[in-house]
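Asks: requesting a structural model of the entry that follows:
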Amino acid sequence: MWREKLANEAKARIFWGESVESVRTDLESQGLKGQELDSVMDSILKERAAAVKGMGRKSIFIGIALIPVPIVAYFGLNELPVFPVWMFAVTVLIGLIGGWKVVRGALMLVFPNTQKIDFAEESTD
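Replies: Predicted structure coming up:
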């Protein structure tokens with residue numbers, strides 16, 4: 001029972017962005033040792049990696065949807081008698097944000113364990 005509680009607290013701390021080393025040290029000080037500690041940490045890190053990959057996929061899909069915004073806007077705005085440069089600049093910015101989301105999502109998919117993400121902050125993204 002207390003081991004499950006420790007594992008749940010460790011999972012929450014890692015998902016909230018605390019370093020793996022400090023959580024591991026804390027679990028060792030509370031009585032988890034050896035193989036049991038390794039299995040708890042491995043399962044937490046695998047679950048976190050899966051969550052990061054899921055966020056990466058979401059980021060890629062959003063980015064892919066945002067990238068063509070300036071292209072579509074160009075053809076739409078080009079039909080107006082005067083080309084509104086400032087409005088087109090806003091759509092280019094949206095497209096660049098989409099590109100950044102694709103790159104960030106790809107990094108999350110390829111390197112999920114190297115991403116420093118606090119899931120509490122990312123839940124509003």
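
Asks: rest of the way, CA atoms for contacts and neighbours
Replies: Will do.

Asks: surely Leu37 and Asp26 touch.
Replies: No. In this structure, Leu37 sits apart from Asp26 without contact. The criterion is CA atoms under 8 Å, and the distance is 10.8 Å.

Asks: torsion angles phi and psi at the residue located most distally from the centre of the chain?
Replies: Outermost residue of the chain with respect to the C-alpha centroid, by CA atoms, centre = their mean, is Pro81; its distance is 42.6 Å. Here is the backbone geometry of Pro81 (degrees, to the nearest 10): phi -60, psi -30.

Asks: and it, how far from Gly63?
Replies: Using CA to CA, to the nearest Å, one obtains 31 Å as the distance from Pro81 to Gly63.

Asks: and for Arg104?
Replies: Taken as CA to CA, the span from Arg104 to Gly63 is 9 Å.

Asks: the two: which has the busier surroundings?
Replies: Comparing Arg104 with Gly63 by neighbour count (other CA atoms under 10 Å), the higher total belongs to Gly63, at 23 against 18.

Asks: the more buried one contacts Lys101, doesn't it?
Replies: Yes. Shown here, Gly63 and Lys101 form a contact pair, counting by CA under 8 Å, at 4.9 Å.

Asks: SS state for the residue lying closest to Val40 once chain neighbours are set aside?
Replies: Leaving aside its sequence neighbours, Val40 sits nearest to Ala7 (CA to CA, 6 or more residues apart in numbering; 6.5 Å). Put simply, Ala7 is helix when judged by DSSP: H, G, I helix; E, B strand; the rest coil.

Asks: burial count for Ala7?
Replies: For Ala7, the number of neighbouring residues by other CA under 10 Å comes to 19.

Asks: cool, and Arg3?
Replies: The local packing count at Arg3 equals 15, with neighbours defined by other CA under 10 Å.

Asks: okay, and it sits in which element?
Replies: Under the criterion of DSSP states H and E, Arg3 resides in helix 2-15.

Asks: for that helix, which positions count as buried?
Replies: When neighbours are counted by 16 or more other CA atoms under 10 Å, the buried residues of helix 2-15 are found to be Leu6, Ala7, Ala10, Lys11, Arg13, Ile14, Phe15.
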